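*Asks:* Sequence and predicted structure are below.
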Amino acid sequence: MRTFKKGGVHPNENKISQTKSIEILPIPQKVYIPITQHLGAPSTLVVKKGDSIKTGQLIAKSESFICANNHSSVSGKISKIDNFIDASGYKKPCIVVDVEGDEWIDSIDKSLEIKKDITLSSGEIIQKIKEMGIVGLGGACFPTHVKLMLPEGKKADYLIINGVECEPYLTSDHRMMLEKGEEILIGTSILMKALNVDNAIIGIENNKKDAINHLTELSKNYKGIKIESLKVKYPQGGEKQLIKALTNREVPSGKLPLDVGCVVDNVGTAFAVYEAVQKNKPLFERVVTVTGKSVKEPKNLMVRMGTPVNYLIEKAGGLPEDTGKIISGGPMMGKALTSLDVPVVKGTSGILLMKKSESKRNKEQNCIRCGKCVVACPMGLEPYLLAALSEHKNYEELEKHHIMDCIECGSCQFTCPSFRPLLDNLRLGKNKVGQIIRKRRKK
Amino acid sequence: MNDIIIYSVISLASIGVVAAIILYFVAQKFKVIEDPKIDLIEEVLPGANCGGCGFAGCRNFAEAVVKAGNLEGLRCPVGGNETMNKIAGILGLEVKESEPMVAVVRCSGSKENAPKKNNFDGITSCAFANNLYHGESGCPYGCLGLGDCVDACQFDAIYIDKKTGLPVVKEEKCVACGACVTACPRNIIELRYKGKKNRRVFVSCVNEEKGAVALKNCKTACIGCGKCVKACNFDAITLKNNLAYIDFEKCKLCRKCVEVCPTGAILDINFPPRKPKVIVDTDKKTVEKN
């Protein structure tokens, strides 16, 4: 069975919520919609306090190249525009909407019927995706239209759809593939047309056999789409790892997937693209997994952007008493939240509640030079060395040892028998080296 | 037998002579002519190699001074006026006396004033925590208390007070090299004039949030009310982004701003306790006495 070669670990899968079908979460009384929900330049606000807005209405406009539009997820009145803590751990400008009913803008096609014919041309599709504010729903939130606009002279020959979901606990993509399979395949065809490629591969890990069978069955009607089953291994959902697993091409250090002729998008993104292009629906809701060993009713919920996290937790049976950590995302790469009022954004794939005993860090011991982290690193780096260099603030040497290639997957820290905080040090070093490189480029 | 000894001595000696001649000419050719002043100045410098002057070490500073030919913008903060006068003497220049400086921690968000709202269990590095989130107290501008400044200090002049969780500068040891200023990811530490009899008045807060928001996380936050600006007779205080700042060059240490600050964000250091008769209000008297 296919997989990537270098490194990787296999954490307990714990996919508790994989049998739970997607439920639509009722809209809360108040939502906090962050103005910028993507990676790149901030969007410019186009509404003001006191405005009445409808669901799907544009609230923030993209004005630079790597930037995305942002739409309202509810209808109601804007009661406040202020800074609130979001999943990044810092205060970001948000608009607060007092919800009144759920009135959608007229251009959205609300019918449930599946629209298969792709009438738009390649350029029109990209324009539409840009208009509807589609970003990568895997977690990084990179604007999708930027990925689709190929620089001159470059050609993609594979579109890769990421249905791996290698993070333990999370099941939102899995449920999407089971319940919205047809839409995902149409979305894939749309992306293929936009990129002008003939081949698309949907990579799915082998622990989701039902999704593999379902999509394989459906894909017979679609030209050029292949479903590939992959061995279960973390971090297979990483762009570079997935390309290696599916096409056996290696993205060189410091290069992009496009340099080896691949474009990677998440299954959630493919679904959002379908809705944007065929149904005119902007990206304002997504599937979020609420899960954890102590959670009463783990769920996969269709959530409007801006819904506070505690509203989701309440719907999943309330906050368990011995909760030690609440994580936005998966246990490997997710980020602990400091407040329950943090809103769901385009990049929130799951809310994971950890028990106190689970979330406790083990006491750090000395490095015994066992080399397990080197074996586990999917990028072929030497985490023990990088962490030590970072501790000693030796940034020149860090750069020489390719710290900028680190994808922060946490495999090294996961596998370390001495419980050393390798990833913490790597992140610190990567951040510092990044600053130094940016400063150098400016000169 | 004797022959062997004689031959080897002669041949080795001749190799030595030839090598010495070559080395002499090579040394002449590649001779580096250095200003002897550099050595003299380096001797005068403290030799801490702290980098407070902006150069990699004392030798680099000495070279820069000699090369520049004047002392504009060049200063050894560790040696202070004494050292600078000596350097000026060597170079035959005049030096402007400048007031000694000291590092000042501008945050009063102690464990009591800004209680913990979450637990941080990552590595003990302020830079890391600052990249991650707003911090344990919830104040996105406040001190994280993980001690990057302590690590940066080469003079053992700063330590984290375990009671308050805030860094404390040992005035007698601080040489104002500025290592902690650059190490602090939140720009809390500032170099200010040491002041007459070590007396200083400064705003011990860098929070730029609106008053009510800042107060939620910390009792002693500057709320940007502007009372101190009005109270100041010397135009030393400016209000920008909801934050007051006292210009240490203009401040005359009259302490009027300290009296009016409603949150106690302005600190006066090393002043004798106020005389109770100054204050008429009996309620305030007890407060001030304490």
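*Replies:* Nice, I can see it.
*Asks:* Contact partners for whatever residue of the stretch 1-150 of chain B ends up closest to chain A?
*Replies:* Of all residues in the stretch 1-150 of chain B, B:Tyr133 sits closest to chain A, with a separation of 2.6 Å (Cβ to the nearest Cβ). Backbone N, C-alpha and C define where each C-beta goes, glycine included. Residues in contact with B:Tyr133 (Cβ atoms under 8 Å, 6 or more residues apart in numbering or on different chains) are A:Ser88, A:Gly89, A:Tyr90, A:Thr338.
*Asks:* ok, the closest residue to A:Val47 other than its chain neighbours - contacts?
*Replies:* By the measure of Cβ to Cβ, 6 or more residues apart in numbering or on different chains, the closest residue to A:Val47 outside its immediate chain neighbours is A:Ile59, 5.1 Å from it. The contact partners of A:Ile59, by Cβ under 8 Å, 6+ apart, come to A:Ile33, A:Ile35, A:Leu45, A:Val46, A:Val47, A:Ile53, A:Asn70, A:His71, A:Ser72, A:Ile95.
*Asks:* Give me the neighbour count for the residue lying closest to the fourth one once chain neighbours are set aside.
*Replies:* Closest residue in space to A:Val46, ignoring its immediate chain neighbours: A:Lys61 at 5.2 Å, by Cβ to Cβ, 6+ apart. Close neighbours of A:Lys61, defined as other Cβ atoms under 10 Å in any protein chain shown, add up to 14.
*Asks:* beta partners of A:Lys61?
*Replies:* For A:Lys61, the beta-bridge assignment (DSSP bridges) gives partners A:Thr44.
*Asks:* how close does it get to chain B?
*Replies:* In this view, A:Lys61 and chain B are 26 Å apart by Cβ to the nearest Cβ, to the nearest Å.
*Asks:* how about the helices in the stretch 101-250 of chain B?
*Replies:* B:126-132, B:148-152, B:179-183, B:211-217, B:227-231 (DSSP state H, counting those that start in this stretch).
*Asks:* correct me, but A:Thr247 touches A:Val264?
*Replies:* No - judged on Cβ atoms under 8 Å, A:Thr247 makes no contact with A:Val264 at a distance of 10.6 Å.
*Asks:* what touches both of those two?
*Replies:* Both A:Thr247 and A:Val264 are in contact with A:Ile160, where contact means Cβ under 8 Å, 6+ apart.
*Asks:* Compare these two and say which one has the larger neighbour count.
*Replies:* A:Val264 (24 against 20).
*Asks:* Walking through the stretch 151-290 of chain B, point out its strands one by one.
*Replies:* Using DSSP state E, counting those that start in this stretch, the strands of the stretch 151-290 of chain B run over B:158-160, B:167-169, B:189-193, B:200-203, B:237-240, B:243-246, B:266-269.
*Asks:* Determine which of those strands approaches chain A most closely.
*Replies:* Here strand B:243-246 is closest among the strands of the stretch 151-290 of chain B (Cβ to the nearest Cβ), at 15.7 Å.
*Asks:* Can you tell me what sits against the closest one?
*Replies:* Residues outside strand B:243-246 that contact it (Cβ under 8 Å, 6+ apart): B:201-203, B:205-208, B:222, B:224, B:226, B:228-229, B:236-239, B:257, B:265-266.
*Asks:* repeat for stretch A:289-297
*Replies:* For stretch A:289-297, the surrounding residues in contact (Cβ under 8 Å, 6+ apart) are A:14, A:16-17, A:169-172, A:298-301, A:312-313, A:315-318, A:320, A:322-323, A:349-355, A:358.
*Asks:* Then stretch B:34-54?
*Replies:* Contacts of stretch B:34-54 (Cβ under 8 Å, 6+ apart): B:56-59, B:61-63, B:65-66, B:74-79, B:83, B:86-87, B:90-91, B:154-155, B:175-179.
*Asks:* Tell me which residues of stretch A:395-407 come out buried.
*Replies:* By 16 or more other Cβ atoms under 10 Å in any protein chain shown, the buried positions in stretch A:395-407 come out as A:Tyr395, A:Leu398, A:Glu399, A:His401, A:His402, A:Ile403, A:Asp405, A:Cys406, A:Ile407.
*Asks:* Please go through the contacts of B:Tyr133 and note which also touch chain B.
*Replies:* The residues of those that also fall near chain B, by Cβ under 8 Å from any Cβ of the partner chain, are A:Ser88, A:Gly89, A:Tyr90, A:Thr338.
*Asks:* right, and the third one touches B:Asn131 too?
*Replies:* No - counting by Cβ under 8 Å, A:Tyr90 does not reach B:Asn131; the two are 10.1 Å apart.
*Asks:* Which residues of the stretch 1-150 of chain A lie near chain B?
*Replies:* Counting by Cβ under 8 Å from any Cβ, the stretch 1-150 of chain A sits next to chain B at A:Asn83, A:Ile85, A:Ser88, A:Gly89, A:Tyr90, A:Lys91.
*Asks:* Among those, which ones are in helices?
*Replies:* With helices defined by DSSP state H, no entry of these lies inside them.
*Asks:* of all those, which comes closest to chain B?
*Replies:* Among the residues of the stretch 1-150 of chain A next to chain B, and counting by Cβ to the nearest Cβ, the member closest to chain B is A:Gly89, at 2.6 Å.
*Asks:* Report how many residues lie close to the closest one.
*Replies:* For A:Gly89, using other Cβ under 10 Å, the count is 22.
*Asks:* go on, B:Ser204?
*Replies:* Counted with other Cβ under 10 Å, B:Ser204 comes out at 21.
*Asks:* could you list every residue that touches it?
*Replies:* B:Val105, B:Arg106, B:Cys107, B:Ser108, B:Thr220, B:Ala265, B:Ile266, B:Leu267.
*Asks:* neighbours around the first one, how many?
*Replies:* Read it as B:Val105. When counting by other Cβ under 10 Å, one arrives at 20 neighbours for B:Val105.
*Asks:* Chain neighbours aside, what residue packs nearest to it?
*Replies:* Per Cβ to Cβ, 6+ apart, closest to B:Val105 is B:Pro167, 5.2 Å.
*Asks:* ends of stretch B:128-142, how far apart?
*Replies:* 15 Å (Cα to Cα, to the nearest Å).
*Asks:* so of the contacts of B:Tyr133, which ones are in strands?
*Replies:* In strands, judged by DSSP state E, none of the contacts of B:Tyr133 are found.
*Asks:* Could you identify the buried members of the residues you listed?
*Replies:* Buried subset of those (neighbour count, 16+ other Cβ under 10 Å): A:Ser88, A:Gly89, A:Tyr90, A:Thr338.
*Asks:* before we move on, back to that, now, among the ones next to chain B among the contacts of B:Tyr133, which is nearest to A:Leu148?
*Replies:* Proximity of those to A:Leu148 (Cβ to Cβ) peaks at A:Ser88, which lies at 26.1 Å.
*Asks:* Identify the residues contacting the residue nearest to A:Val46.
*Replies:* A:Lys61 neighbours (Cβ under 8 Å, 6+ apart): A:Ser43, A:Thr44, A:Val46, A:Asn69.
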